[in-house]
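> predicted model and sequence follow; I will ask about them next.
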Amino acid sequence: MTMIPEEYQIKNVIHQDTFLVNGELKKWTGKTTPVYSTISSTPNYEPTLLGSIPFMGETEALEAVDAAYNAYKNGQGLWPTMKVSDRIKCMENFVGQMKSTRTEVVKLLMWEIGKSLGDSEKEFDRTVEYIYDTIESLKELNSHSAHFEKVQGVNAMVRRGPLGVVLCLGPYNYPLNETFSLLIPALIMGNPVIFKPAKHGVLLISPLLEAFRNSFPKGVINILYGRGREVATPVMQSGKVDLLALIGNSKSAIALQDQHPNKNRLRLILGLEAKNPAIVLPDADLDLAIQECIAGSLSFNGQRCTALKVLYVHESIAEEFNARFAAKVDELKYGNPWEKGVMLTPLPEVEKPNYIQELIDDATAKGAKVINAKGGRRTENSIFPAVVFPVNKDMRVYHEEQFGPIVPILTFKDIQEPLNDMAASSYGQQVSLFGQDIKTIAPLIDALVNLVCRVNLNSSCQRGPDVFPFTGRKDSAVGTLSIHDALRSFSIRTFVASKDNAYNNAILQELLNSKESNFINTDYIL
Ligand code: G3H
């Protein structure tokens with residue numbers, strides 16, 4: 001074990017003994033759960049204690065529901081009726097304070113989820129940028145709506161209004177960025193939020209609690225800790241949640257929806273599982289394809305919903321591709337997140353190495369081989385990526401979303417084979433297509449865009465840039481997230497209409513001149 005640089009050592013544990021509800025950081029004196037990192041601080045391996053979080057239950061969950069419900073007040077609360085420009089001011093205030101927490105949050109990202117220093121910094125910076133871009137996008141949306149349309153003798157001002165109380169749950173692999181990609185648009189569109197951090201990457205929210213409390217009116221943002229079953233279930237059972245915003249797995253999404261007494265009223269924004277394939281055509285630039293498939297399948301140890309989770313390589317080039325790909329995987333550097341040049345890092349889920357081992361054992365028992373020398377090597381908190389070939393449909397790794405360091409490779413003779421597999425798959429997020437002959441690529445693109453929602457030509461799959469739509473077909477997503485789309489996903493069109501006559505028009509004119517209404521308002525926010 002190499003020495004941990006001074007600035008990244010854990011010197012003080014964080015005992016999170018407050019939680020944010022109804023604008024107050026309330027003291028928690030009940031049961032707590034310890035938070036451990038799978039990264040060791042000692043030469044003999046031992047998980048590192050990072051701190052503890054409250055183990056909350058139904059009482060606190062319902063307290064948060066009531067706070068959010070009262071903040072919404074059936075659309076009559078301060079937040080949902082506030083001027084857009086004032087909501088923007090609250091958000092600017094928040095992001096200003098958030099920026100000062102960068103060092104602390106980045107350090108916790110490394111310890112809590114094992115994300116490399118560079119990627120942790122990127123996650124933080126990308127989130128700050130996301131907030132600023134969201135503000136700009138809302139200004140634009142506001143400006144487009146700040147006018148009357150006259151159609152068939154009716155004057156109308158059409159805007160977007162909030163939907164109500166939002167329950168927001170993010171994933172452990174992007175505990176800041178993906179969670180905030182839900183939380184921020186939900187809030188800024190006027191919805192009060194109940195937020196429960198992911199199972200890993202919880203303490204990194206602690207430095208932000210005061211910024212949240214200081215920036216928003218009471219009850220607008222409520223933060224709960226604990227297990228989903230204990231905390232999110234009663235929130236849903238209350239029937240007071242109008243929108244479930246979740247990035248995670250479909251099992252939890254379905255279980256939570258089932259708890260809602262009026263499912264027909266519940267709106268959904270979901271980012272769920274994916275099994276994005278790469279298709280490598282015979283004429284692909286192999287250097288590029290290998291480089292992109294490595295980044296695509298193994299960035300952050302494969303723990304990304306957009307990761308390449310199965311590679312289809314044309315049989316005519318498979319031998320060369322496999323040999324070169326396997327050799328490159330073995331060259332990847334493993335180490336603790338702050339070590340220079342690391343691509344592979346400790347896995348935050350204690351059970352993950354055993355799960356990956358199970359997938360390897362199942363595949364090898366059914367005829368595949370691990371084709372890279374280091375594949376499957378274990379330490380206490382990691383397993384070296386295993387490149388598994390040839391994979392077939394009887395193997396678990398073909399069907400399951402591995403979300404970890406194992407790369408299954410299949411060959412194909414006819415392009416219809418991967419297309420058929422994608423059509424039969426439960427998922428439909430993205431695909432990577434490697435090749436250059438446009439006669440082959442053109443019809444493929446035309447088919448692939450209808451099987452998934454993003455075709456990455458000669459590059460790995462990814463969510464960003466965040467201005468592009470992030471969504472999926474089938475079991476992969478409900479709703480669309482991008483800076484532009486998220487503002488729309490977390491709101492509904494609502495408007496004021498009046499017949500075009502002198503009586504009504506005089507009232508409208510007075511409403512505009514007086515600026516008494518926050519809705520009937522033609523102010524531009526520059
Ligand atoms: O976990 C899924 C993330 O949305 C992936 O985002 O493609 O930027 O890593 P990314």
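Arrived safely. Everything numeric in this text was worked out from a predicted model, so none of it was measured.

> near Gly96, how many other residues are there?
12 (other CB atoms under 10 Å). The C-beta positions use only the backbone N, C-alpha and C, and glycine is treated the same way.

> in what helix or strand does it lie?
helix 84-99 (DSSP states H and E).

> off-centre distance for that helix?
Its chain's average C-alpha position is 22 Å from that of helix 84-99, according to CA atoms, centre = their mean, to the nearest Å.

> what packs against that helix?
helix 117-145, helix 177-188, helix 209-215 (3 or more CB pairs under 8 Å, 6 or more residues apart in numbering; DSSP states H and E).

> and the spatially most central residue of the chain, how close does it get to Ala363?
In the chain, the centroid-proximal residue (CA atoms, centre = their mean) is Glu178; its distance is 2.9 Å. Distance, Glu178 to Ala363, using CB to CB, to the nearest Å: 30 Å.

> model confidence over the helix or strand where Asp421 lies, on average?
Assigned by DSSP H and E, Asp421 belongs to helix 416-424. Here helix 416-424 scores 98 as its mean pLDDT.

> can you list the strands that the helix or strand just after it pairs with?
Next helix or strand after helix 416-424 toward the C-terminus (DSSP H and E): strand 427-428. Sheet pairing for strand 427-428, assigned by DSSP bridges, gives strand 473-474 (antiparallel).

> give me the residues contacting the strand it pairs with.
Strand 473-474 is touched from outside by 425-429, 451-453, with contacts defined as CB atoms under 8 Å, 6 or more residues apart in numbering.

> ok, 10 Å please
272-274, 422-423, 425-429, 450-453 (CB atoms under 10 Å, 6 or more residues apart in numbering).

> just the C-alpha atoms of stretch 209-218, please, in PDB.
Only the C-alpha atoms of stretch 209-218 are listed here, as PDB (Å, rounded to 0.1, in the frame of the first residue of the first chain):
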ATOM      1  CA  LEU A 209     -26.700  20.900   4.200                       C
ATOM      2  CA  GLU A 210     -26.200  24.400   5.500                       C
ATOM      3  CA  ALA A 211     -26.100  25.800   1.900                       C
ATOM      4  CA  PHE A 212     -29.500  24.100   1.300                       C
ATOM      5  CA  ARG A 213     -30.900  25.400   4.500                       C
ATOM      6  CA  ASN A 214     -29.700  28.900   3.900                       C
ATOM      7  CA  SER A 215     -30.800  29.200   0.300                       C
ATOM      8  CA  PHE A 216     -34.400  27.900   0.100                       C
ATOM      9  CA  PRO A 217     -37.700  28.700   2.000                       C
ATOM     10  CA  LYS A 218     -38.600  26.300   4.700                       C
END
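
> any idea how far that stretch is from the chain center?
22 Å.

> buried residues in it?
Neighbour counts using 16 or more other CB atoms under 10 Å place 209, 211-213, 215-218 of stretch 209-218 among the buried residues.

> which of the residues you listed sit farthest apart?
Spatial extent of these (CB to CB) is set by the pair Leu209 and Pro217 at 15.9 Å.

> can you pull out the low-pLDDT segments for the stretch 301-450 of the chain?
Across the stretch 301-450 of the chain, not a single residue meets the criterion (pLDDT under 70).

> how near is Asp41 to Val13?
If you look again at residue 41, you'll see it is Ser, not Asp. 11 Å.

> other SSEs contacting the helix holding Asp421?
Under the contact criterion of 3 or more CB pairs under 10 Å, 6 or more residues apart in numbering; DSSP states H and E, helix 416-424 touches strand 276-280, strand 308-314, strand 406-412, strand 430-434, helix 438-448.

> mind listing the strands for the stretch 351-500 of the chain?
369-370, 378-379, 382-383, 386-389, 406-412, 427-428, 430-434, 454-457, 473-474, 477-478, 491-499 (DSSP state E, counting those that start in this stretch).

> so which of those comes closest to Cys90?
Nearest of the strands of the stretch 351-500 of the chain (CB to CB): strand 491-499, 16.6 Å.

> from the contact counts, what lies against the helix or strand following the closest one?
Next helix or strand after strand 491-499 toward the C-terminus (DSSP H and E): helix 502-514. Contact here means 3+ CB pairs under 10 Å, 6+ apart; on that basis helix 502-514 packs against strand 154-162, strand 491-499.

> which of these sits closest to the ligand?
strand 491-499 (21.9 Å; CB to the nearest ligand atom).

> now restrict the contacts of strand 473-474 to buried residues only.
Of the contacts of strand 473-474, these count as buried by 16+ other CB under 10 Å: 272-274, 422, 425, 427-429, 451-453.

> wait, the residue nearest to the centre of the chain sits on Ile269?
No. Assessed by CB atoms under 10 Å, Glu178 is found out of contact with Ile269, at 11.6 Å.

> re the thing from before, check contacts around the residue nearest to the centre of the chain.
123, 127, 170-172, 198, 201, 247-248, 271, 305, 463, 470, 481.

> quick check: it vs Arg473, distance?
Distance, Glu178 to Arg473, by CB to CB: 19 Å.

> quick check: the gap between Leu62 and the ligand.
For Leu62, the distance to the ligand (CB to the nearest ligand atom, to the nearest Å) stands at 31 Å.

> ok, Asn505 next?
The value you get for Asn505 to the ligand, if CB to the nearest ligand atom is used, is 48 Å.

> not counting sequence-adjacent ones, nearest residue to that residue?
Excluding the flanking residues, the one nearest Asn505 by CB to CB, 6 or more residues apart in numbering is Asn155, at 7.2 Å.

> and for that neighbour, the neighbour number?
Residues lying near Asn155 (other CB under 10 Å) number 17.

> show me the contacts for it.
With CB under 10 Å, 6+ apart, Asn155 has these contacts: 148-149, 496-501, 504-505, 508.

> identify the residues contacting Met120.
Slight slip there: residue 120 is Ser, not Met. Ser120 touches 102, 105-114, 176, 204, 337-338, counting by CB under 10 Å, 6+ apart.

> which pair in these has the greatest spatial separation?
Arg102 and Gly114 (18.7 Å).

> in terms of neighbours, single out the busier of those two.
More neighbours surround Gly114 than the other of Arg102 and Gly114, with 27 against 15 (other CB under 10 Å).

> is that one in contact with Glu339, as I believe?
No. Here Gly114 lies out of contact with Glu339, judged by CB under 10 Å, at a distance of 11.6 Å.

> what does the chain put close to the ligand?
By the rule CB under 6 Å from any ligand atom, the part of the chain lying against the ligand is 173-174, 178, 304-306, 462-464.

> if you set the cut-off to 8 Å instead, what comes out?
126, 171, 173-174, 177-178, 247, 271, 299-300, 303-307, 461-464, 470 (CB under 8 Å from any ligand atom).

> buried among those? Make that a ChimeraX selection.
Burial among those is assessed by 16+ other CB under 10 Å; the matching ChimeraX selection reads:
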select :126,171,173,174,177,178,247,271,299,300,303,304,305,306,307,461,462,463,470
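
> re the thing from before, can I get the buried ones among the contacts of strand 473-474 in a markdown table with distance to Asp133?
Formatted as a markdown table, these follow (distance: CB to CB, whole Å):
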| residue | distance to Asp133 |
| --- | --- |
| Leu272 | 24 |
| Glu273 | 27 |
| Ala274 | 24 |
| Met422 | 32 |
| Ser425 | 32 |
| Tyr427 | 28 |
| Gly428 | 27 |
| Gln429 | 22 |
| Leu451 | 29 |
| Val452 | 25 |
| Cys453 | 21 |
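
> okay if I get the helices and strands packed on helix 416-424 as a markdown table plus distance to Arg488?
Formatted as a markdown table, these follow (distance: least, CB to CB, whole Å):
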| stretch | distance to Arg488 |
| --- | --- |
| strand 276-280 | 25 |
| strand 308-314 | 29 |
| strand 406-412 | 36 |
| strand 430-434 | 21 |
| helix 438-448 | 26 |
